[in-house]
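Trainee: with the input below, show me the fold.
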Amino acid sequence: MNVISQHHRPADDIEKGIASFIDEIIELRHDLHRYPELAFQELRTSKIVASLLSSWGYEVTTGVGGTGVIATLRGGDGERRIGIRADMDALPIEEATDLPYASDNPGVMHACGHDGHTSILLAAARYLAETRRFSGVLTLIFQPAEEIGAGARKMIADGLFERFPVDAVFGLHNWPGVPTGQFGFVAGPAMASVDQAVIRIVGKGGHGAEPHKSVDPILASASFITALQSIVSRNVDPQDMAVATVGSIHAGSASNVIPESVELKLTMRAFSETVRQQLQERIPALARAQAESFGAQADVNYRLGFPALINHREETDFARSVALEAFGEGLVAKDFRPRTASEDFAFMLLEQPGSYLFVGNGDSAPLHSAHYNFDDTIIAPAARYWVRLVETFLS
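Mentor: A predicted model of the protein is given here:
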């Protein structure tokens, strides 16, 4: 995909245009932060989003994939179509920021910046509606339930790309630890797949003083946990990435009783489908073999989550070139590395070409932390980026 030469509205005009209403957008972001909603419960959020987009002249469709909102806007008579996605849901976390606009919903918090992502896209949407300096169809996708990995799939199953076809689809995520407002691009695998497993190792309970009369599932579990890392170190190609983490172990309740069983909960991540399948095959096999070597048994419930997010090279090169043109090399990270977190935008990239990019949130608390807060200063530049991307793609 080549960047088509065109006469852009001067960059300072875009900056001034968005600056004229940015305080309203920041106030909106604070409102969304104060009233966060969990996956598929984004009723208030989607209502606000739909109302604003309608007032700006978009054709709005609600209820896509549950609580999703789709807005389309035509400019000129061009035939190209671009999709841009923002996520809307929050996390089941008790906020600990002491912000004046901290969550009013107990145990629910925007700890991943989806309030910011939604605000960025709304800012761009308002400016694009006011100027319409593009020729083609702009489709905005406000997605529910990213945090549980279900929203993208449900929107796709609801006919997202059949009802609202696009030639390419783009999305972004803020990232703590990256300089504020700096953009990052990764062609190919950019975020990891994520799967989970619940393993129950069953032995024979008994008295702690007579272990020879029991089959100790804790000992079998300990052996499995130690052996688990041999999959990463000895089965997976050293040039590939794999993560196998045991995050939860539950067994017994007394120090002098050998329990009947142990439950372990695991998460697995990879950048390639080949490695993902290796983990899916080897972990259950290893759990059963380790358990059997102690006279126990292992029941494995392996749950596939979502695949690695793999950016299309042509669209990623295009997206990066837009950032370089708009902001210069100083705000485009060099050699930005893939992230091992996961993102269900991966499902959209299986359906359509596109790219998922990153924008720095500065020296903030990490994502999913009770102390995290989205940096409002990146809303305007990120919105300007979406404007430039749309105007260039639909030139």
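
Trainee: now the strands: where do they sit in the stretch 251-395 of the chain?
Mentor: Secondary structure of the stretch 251-395 of the chain (DSSP state E, counting those that start in this stretch): strands located at 257-258, 261-270, 297-306, 309-311, 354-360.

Trainee: out of these, flag the one nearest residue 123.
Mentor: Of all the strands of the stretch 251-395 of the chain, strand 354-360 sits nearest to residue 123, with 13.2 Å by C-beta to C-beta. For the C-beta atoms, the positions are set from N, CA and C on the backbone; glycine is no exception.

Trainee: returning to what we had before: residue 88 is nearest to which of the strands of the stretch 251-395 of the chain?
Mentor: strand 354-360 (16.4 Å).

Trainee: which parts of the stretch 101-250 of the chain are strands?
Mentor: 136-143, 168-175, 183-184, 188-191, 193-202, 206-207, 242-250.

Trainee: so which elements touch the helix or strand where residue 50 lies?
Mentor: According to DSSP states H and E, residue 50 maps onto helix 43-55. Secondary-structure packing of helix 43-55 (3 or more C-beta pairs under 8 Å, 6 or more residues apart in numbering; DSSP states H and E): helix 22-34, strand 59-64, strand 68-75, helix 114-131, strand 136-143.

Trainee: in a markdown table: the ones you listed, plus mean neighbour count and distance to residue 346.
Mentor: Shown next, in a markdown table, are the helices and strands packed on helix 43-55 (neighbours: other C-beta atoms under 10 Å; distance: least, C-beta to C-beta, whole Å):
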| stretch | mean neighbour count | distance to residue 346 |
| --- | --- | --- |
| helix 22-34 | 18 | 24 |
| strand 59-64 | 16 | 19 |
| strand 68-75 | 22 | 17 |
| helix 114-131 | 25 | 16 |
| strand 136-143 | 26 | 13 |
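
Trainee: leaving out chain neighbours, which residue sits closest to residue 360?
Mentor: Of all residues not flanking residue 360 in the chain, residue 178 sits nearest, at 3.2 Å (C-beta to C-beta, 6 or more residues apart in numbering).

Trainee: give the full set of residues in contact with the one you found.
Mentor: Neighbour list for residue 178: 184, 333, 358-362 [criterion: C-beta atoms under 8 Å, 6 or more residues apart in numbering].

Trainee: and it, how far from residue 349?
Mentor: Using C-beta to C-beta, to the nearest Å, we find residue 178 at a distance of 21 Å from residue 349.

Trainee: what does residue 334 give?
Mentor: 23 Å.

Trainee: who's more crowded, the two?
Mentor: A side-by-side neighbour count of residue 334 and residue 349, using other C-beta atoms under 10 Å, places residue 349 first with 25 against 6.

Trainee: I figured residue 199 hits residue 251, correct?
Mentor: No. Assessed by C-beta atoms under 8 Å, residue 199 is found out of contact with residue 251, at 11.8 Å.

Trainee: now render the strands of the stretch 251-395 of the chain as CSV, adding distance to residue 124, mean neighbour count and mean pLDDT.
Mentor: Shown next, in CSV, are the strands of the stretch 251-395 of the chain (distance: least, C-beta to C-beta, whole Å; neighbours: other C-beta atoms under 10 Å; pLDDT from 0 to 100):
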stretch, distance to residue 124, mean neighbour count, mean pLDDT
strand 257-258, 61, 18, 98
strand 261-270, 31, 21, 98
strand 297-306, 26, 16, 96
strand 309-311, 20, 26, 98
strand 354-360, 13, 24, 98
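
Trainee: quick revisit: from the contacts of residue 178, which single one is nearest residue 280?
Mentor: residue 358 (28.0 Å).
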